[in-house]
Every structure is written in structure tokens, then in C-alpha cells.
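Visitor: The sequence and its predicted three-dimensional model are supplied below.
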Amino acid sequence: MRIQRIAIVLTVINLVILIHVLTLVLRPTVSPPVSPVIRTRALEIVDDQRKVRAQIIVVPAGTMPDGQTYPDTALLRLIDPNGRPGVKIDTSMDGSGLLLIGDSEKREWSGVQILAEGTGSRLRLQNKDGREQVIQQ
């Protein structure tokens, strides 16, 4: 009779432990709240060697050495493993542009340039051999 009571007590303890474990396993997990917006001045994505491979930045207004002034610009760059941009997308008050660079290893520029400015639009195609075609409106 004493062994039956011990068996019943152990069974009840096992059931309580089982119920407790099941509630822990089956309980929905509470995930931390997700922020709907990330605010930063720049975003850079780096590879395993810590080289910047992509950037989203805001470039302040400035004057180039040739005297031409540029307004502040939002810029997206995709960069090759050698640190040279292969894709650029930018926008400012003056307009927007898209640049797809062909072979970034060569000193001769090749690629596609699309500009949409207040004064008109332009599409420029250029091969490595220097052959160029421009469509302007």
C-alpha cells in the first residue's frame, strides 16, 4: 500500500512537470517590437574583408574644382571588390541620374548614363573602344 502511494505521488509530480514543460514549449514567444523606421546619416554595407560594397549617403552641396556648384544629393552606390562604383543612382533638386559602369578595371569609361534634369533628359551609351551614342531631349 505504501508503494502505491509513492507511485501515485511520483506520477502526479511527473504530470505537473510535463504540464509545465508543455506550457513553456507551446507558449507563443514574445518578439521584441520592430522599429518601423531607421534614421541615420549614411548606410554602408561591407563584405567579409570590411570593404564598403554599397552606400546610401547624402552628399552636401558643394563646388567642384572646375567651379561648377552642385546641390545636396541623395546617392546610392554599388561598389565592386576593387572599391570602384559600378552602379550609381542619385537625385537632387536639379534632377536624377542613373549610371551603370561597364568595366571598372579599364581607364576608358564604358557604360550607360541616364540623366533627367529640369533642362531635359539625356541617355549616353559608350563602349570601351570610345564609340558613343547620345540621345538628348
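Guide: Looks like it arrived, so ask away.
Visitor: From Gly83, how far out is Arg50?
Guide: 12 Å (C-beta to C-beta, to the nearest Å). No exception for glycine: its C-beta is placed from N, CA and C like everyone else's.
Visitor: and those two? which has more neighbours close in?
Guide: Comparing Arg50 with Gly83 by other C-beta atoms under 10 Å, the one with more neighbours is Gly83, at 10 against 7.
Visitor: so what's the residue nearest to that one when sequence neighbours are not counted up against?
Guide: Spatially, and ignoring its direct neighbours in sequence, Gly83 is nearest to Lys51 (6.5 Å; C-beta to C-beta, 6 or more residues apart in numbering). Neighbour list for Lys51: Ile79, Pro81, Gly83 [criterion: C-beta atoms under 8 Å, 6 or more residues apart in numbering].
Visitor: Could you dump those residues into JSON lines with secondary structure, distance to Ser31 and pLDDT added?
Guide: Listed next are the contacts of Lys51 as JSON lines, based on DSSP: H, G, I helix; E, B strand; the rest coil; distance: C-beta to C-beta, whole Å; pLDDT from 0 to 100:
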{"residue": "Ile79", "secondary structure": "strand", "distance to Ser31": "34", "pLDDT": "93"}
{"residue": "Pro81", "secondary structure": "coil", "distance to Ser31": "36", "pLDDT": "88"}
{"residue": "Gly83", "secondary structure": "coil", "distance to Ser31": "38", "pLDDT": "86"}
